[in-house]
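J.: The amino acid sequence is not available; the structure is as follows:
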């Protein structure tokens with residue numbers, strides 16, 4: 001259904017992003033080649049992902065947000081990639097803190113953002129901030145785009 005684009009076959013507007021990904025990863029992931037059918041979607045995801053990576057959330061928390069979204073949306077490709085990335089980070093200093101961000105991510109998704117005061121306070125008690133709460137929303141947005149696109153295009 002979706003073409004595995006290369007830099008040469010992709011729409012011209014997608015080529016710079018594809019070249020950047022290839023340079024960073026050492027190869028062109030299939031998901032990127034397929035998402036290149038929409039240069040806007042590809043560029044949007046890459047920009048949102050880069051913004052999420054630059055947030056004040058620590059790396060373990062960011063990966064927990066991504067894995068929560070990927071698991072919920074059944075994107076097996078994303079789960080594999082981000083489980084490996086989390087494993088490379090090594091063990092978390094505070095597993096309870098990661099459980100708090102995982103639960104908070106679920107609550108944000110399940111409530112369409114209308115998280116109750118009690119749930120917010122529980123998140124804050126684990127050292128997270130109001131800024132972090134909004135950064136979780138950014139991560140949910142970026143990786144909802146990615147996981148749904150990967151499932152739609154059947155990227156493996």
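T.: Nice, thanks for sending it over. These numbers come from a predicted model, not from an experiment.

J.: burial of residue 86, as a residue count?
T.: Neighbour count of residue 86, defined by other CB atoms under 10 Å: 19. Using the backbone N, CA and C atoms, a C-beta is placed for each residue, glycine as well.

J.: Next, the distance between the ends of stretch 18-35.
T.: 10 Å (CA to CA, to the nearest Å).

J.: Rounded mean pLDDT for that stretch, please.
T.: Stretch 18-35 shows a mean pLDDT of 97.

J.: Next: stretch 83-102.
T.: 97.

J.: before we move on, what about stretch 46-59?
T.: 98.

J.: Pull out the buried positions in that stretch.
T.: 46, 48-49, 52, 55, 57-58 (16 or more other CB atoms under 10 Å).

J.: Could you do stretch 29-45 as well?
T.: So for stretch 29-45, counting by 16+ other CB under 10 Å, buried means 29-39, 41-45.

J.: Which member of these is positioned nearest residue 91?
T.: For the buried residues of stretch 29-45, the closest approach to residue 91 (CB to CB) belongs to residue 29, at 27.0 Å.

J.: who's in contact with that closest one?
T.: For residue 29, the contacting residues are 21, 155, by CB atoms under 8 Å, 6 or more residues apart in numbering.

J.: longest helix in the protein, by residue count?
T.: In the chain, with assignment by DSSP state H, the single longest helix is helix 130-153.

J.: From the contact counts, what lies against it?
T.: In terms of contacts (3 or more CB pairs under 8 Å, 6 or more residues apart in numbering; DSSP states H and E), helix 130-153 is packed against helix 30-35, helix 39-53, helix 59-72, helix 76-89, helix 95-110, helix 117-125.

J.: Kindly recompute the last result at 6 Å.
T.: Applying 3 or more CB pairs under 6 Å, 6 or more residues apart in numbering; DSSP states H and E, we find helix 130-153 packed against helix 30-35, helix 39-53, helix 59-72.
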